[in-house]
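Visitor: what's the 3D shape of this:
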Amino acid sequence: MPQTFECPILPAIEDVSYYSEMPSGCVLPYKLMPTATSQPVLRDRLQAIPDICFADYRFEVVFDWIKIGPVAV
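Guide: I've put the predicted structure just below:
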């Protein structure tokens, strides 16, 4: 059984111009690792862990609208 696999990264919306910075053929690699659990139902199973280095990416957040007001009790 392979210890790694890749999943393609596909646009979530039809307007692909929104993804202008995403090169074609993007994939997210995963490593298969044994589960670290004491639950019998998960014993001897594998978990897929994304093999990604966040330092290789730029993150940006844009807030379009924020409501500020008293907390409802």
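Visitor: switch to C-alpha atoms for all contacts and neighbour counts from now on
Guide: Fine.
Visitor: hang on, residue 69 in a helix?
Guide: No - applying DSSP: H, G, I helix; E, B strand; the rest coil, one finds residue 69 to be coil, outside a helix.
Visitor: from the centroid of this protein, which residue is nearest?
Guide: residue 50 (7.2 Å; Cα atoms, centre = their mean).
Visitor: in three-state terms, label the residue nearest to that residue when sequence neighbours are not counted for me.
Guide: Excluding its sequence neighbours, the residue lying closest to residue 50 (Cα to Cα, 6 or more residues apart in numbering) is residue 30, at 4.3 Å. With three-state DSSP as the basis, residue 30 sits in strand.
Visitor: how about the contacts made by residue 30?
Guide: By Cα atoms under 8 Å, 6 or more residues apart in numbering, the contact set of residue 30 is 4-7, 48-51.
Visitor: in the protein, which spans are helices?
Guide: Secondary structure of the chain, counting by DSSP state H: no helices present.
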